[in-house]
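[1] pasting the structure only:
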């Protein structure tokens with residue numbers, strides 16, 4: 001059962017210029033903490049509507065992790081899966097057909113460098129298998145990902161934790177175990193991004209915020225690619241994020257993308273971390289500010305399931321501060 005003893009329920013009125021938004025009531029639900037103590041710079045993937053996984057990351061001493069942690073949503077319990085063959089932080093991941101794909105990431109000792117190694121995890125057999133590595137010149141970590149018609153798309157990323165940031169878009173075709181060329185209009189982001197939030201709504205691939213060559217060079221853009229129409233290339237939304245942020249995370253519920261936290265905050269007493277929760281409506285191209293995170297974090301990774309956004313781990317200080325906090329955000333739209 002979920003631990004809701006510490007939940008908070010708040011009603012807020014969000015007002016955008018020339019429009020009265022619905023009252024948005026939100027609940028934060030505290031869940032079973034990370035079983036290995038702390039983790040950040042990992043990736044979280046939804047394997048089914050009842051099972052999520054966290055992949056890799058770093059411990060508090062900057063050592064790269066090889067942990068695969070499995071969280072059962074109905075029972076609020078964690079278990080350990082087979083370790084990743086190569087320890088990775090900032091891994092590029094996606095799920096398809098009940099399997100977990102890890103397509104490169106950052107590895108080795110700090111400041112970590114990109115690896116092209118790629119693997120698939122079979123949850124039924126609790127086993128990893130190698131797959132085709134990333135093409136020459138395209139290895140990186142901290143990329144955004146989306147899946148369409150059996151192909152995993154990776155956008156942006158960085159070659160080491162100190163950069164450079166890249167604008168490359170790569171495509172891995174699952175059935176053939178091959179990396180495919182991406183048509184030129186879609187082959188590069190409008191600008192390099194890493195440590196961004198990302199989400200997929202239908203065939204649309206969204207890359208939100210992030211940074212370019214540095215923790216404090218944070219961005220407020222929303223880049224959009226229709227994976228069913230690659231020839232149309234990337235578009236940039238008219239609406240900008242209310243708060244430019246890097247190191248943030250996000251997930252989509254229906255037509256809305258919820259973004260959380262981040263780093264690169266210059267404000268005094270912020271420890272360099274953003275506490276913002278902001279929601280993007282993909283239909284109206286508008287943003288709504290929501291109440292701040294319970295525990296402001298960067299370097300975490302969110303997934304949505306059953307109308308909730310699950311946010312495990314992360315860091316509470318810029319570049320560091322790993323925690324074992326795990327909670328879920330439950331948005332509710334009510335008529336004003």
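    All right, it came through fine. All figures in this text were calculated on a predicted structure; none of them were measured in a lab.

[2] for the stretch 51-200 of the chain, what spans make up the strands?
    51-55, 68-72, 77-80, 93-96, 99-107, 113-122, 127-131, 144-148, 151-158, 165-173, 178-180, 197-201 (DSSP state E, counting those that start in this stretch).

[3] would you list those in CSV and tack on distance to residue 249, mean pLDDT and mean neighbour count?
    All C-beta spots, glycine's among them, are computed from the backbone N, C-alpha and C. As requested, the strands of the stretch 51-200 of the chain are exported to CSV (distance: least, CB to CB, whole Å; pLDDT from 0 to 100; neighbours: other CB atoms under 10 Å):
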stretch, distance to residue 249, mean pLDDT, mean neighbour count
strand 51-55, 12, 99, 24
strand 68-72, 16, 99, 20
strand 77-80, 19, 99, 14
strand 93-96, 13, 99, 20
strand 99-107, 16, 99, 25
strand 113-122, 21, 99, 20
strand 127-131, 25, 99, 14
strand 144-148, 11, 99, 22
strand 151-158, 15, 99, 25
strand 165-173, 18, 99, 22
strand 178-180, 26, 99, 15
strand 197-201, 6, 99, 23
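
[4] can these go into CSV with extra columns for distance to residue 320?
    Converted to CSV, the strands of the stretch 51-200 of the chain look like this (distance: least, CB to CB, whole Å):
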stretch, distance to residue 320
strand 51-55, 18
strand 68-72, 20
strand 77-80, 23
strand 93-96, 23
strand 99-107, 16
strand 113-122, 20
strand 127-131, 29
strand 144-148, 23
strand 151-158, 18
strand 165-173, 21
strand 178-180, 34
strand 197-201, 20
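
[5] Which among those is found nearest to residue 318?
    Proximity to residue 318 (CB to CB) singles out strand 151-158 among those, at 16.2 Å.

[6] and the closest one, what other elements does it pack with?
    strand 99-107, strand 144-148, strand 165-173, strand 204-208, strand 222-226 (3 or more CB pairs under 8 Å, 6 or more residues apart in numbering; DSSP states H and E).

[7] from the middle of its chain, how far away would it be?
    The chain centroid and the centroid of strand 151-158 are separated by 12 Å under CA atoms, centre = their mean, to the nearest Å.

[8] ok now do the residue nearest to residue 200 when sequence neighbours are not counted, which residues does it touch?
    Among residues not flanking residue 200 along the chain, residue 146 sits closest, at 4.3 Å (CB to CB, 6 or more residues apart in numbering). Going by CB atoms under 8 Å, 6 or more residues apart in numbering, residue 146 touches 94, 152-153, 155, 198, 200, 205, 227.

[9] Could you list the low-pLDDT ranges of the chain?
    Residue ranges of the chain with pLDDT under 70: 1-25, 333-336.

[10] picking that back up, out of the contacts of residue 146, which comes closest to residue 181?
    residue 153 (12.2 Å).

[11] Kindly state the beta-bridge partners for the closest one.
    Residue 153 forms beta bridges with residue 146, residue 171, as assigned by DSSP bridges.

[12] again, but for residue 218
    Bridge pairing for residue 218 - DSSP bridges - gives residue 211.

[13] count of neighbours near it?
    The number of residues packed around residue 218, counting by other CB atoms under 10 Å, is 25.

[14] Kindly report the same for residue 89.
    28.

[15] how much space is there between it and residue 215?
    15 Å (CB to CB, to the nearest Å).

[16] In a strand, residue 258, correct?
    Yes: the assignment for residue 258 (DSSP: H, G, I helix; E, B strand; the rest coil) places it in a strand.

[17] gap between it and residue 36?
    The gap separating residue 258 from residue 36 is 26 Å, by CB to CB.

[18] Look at these two and report which has more neighbours.
    Neighbours per residue (other CB under 10 Å) separate residue 258 from residue 36, with residue 258 holding more: 24 against 16.

[19] just checking, that one touches residue 330?
    No: contact criterion CB atoms under 8 Å: residue 258 and residue 330 do not qualify, at 10.5 Å.

[20] Find residues that contact each of those two.
    Contacts common to residue 258 and residue 330, judged by CB under 8 Å, 6+ apart, are residue 309.

[21] Spit out the contact partners of residue 301.
    Residue 301 touches 42-44, 54, 249, 311-312, counting by CB under 8 Å, 6+ apart.

[22] With that, I have no additional questions.
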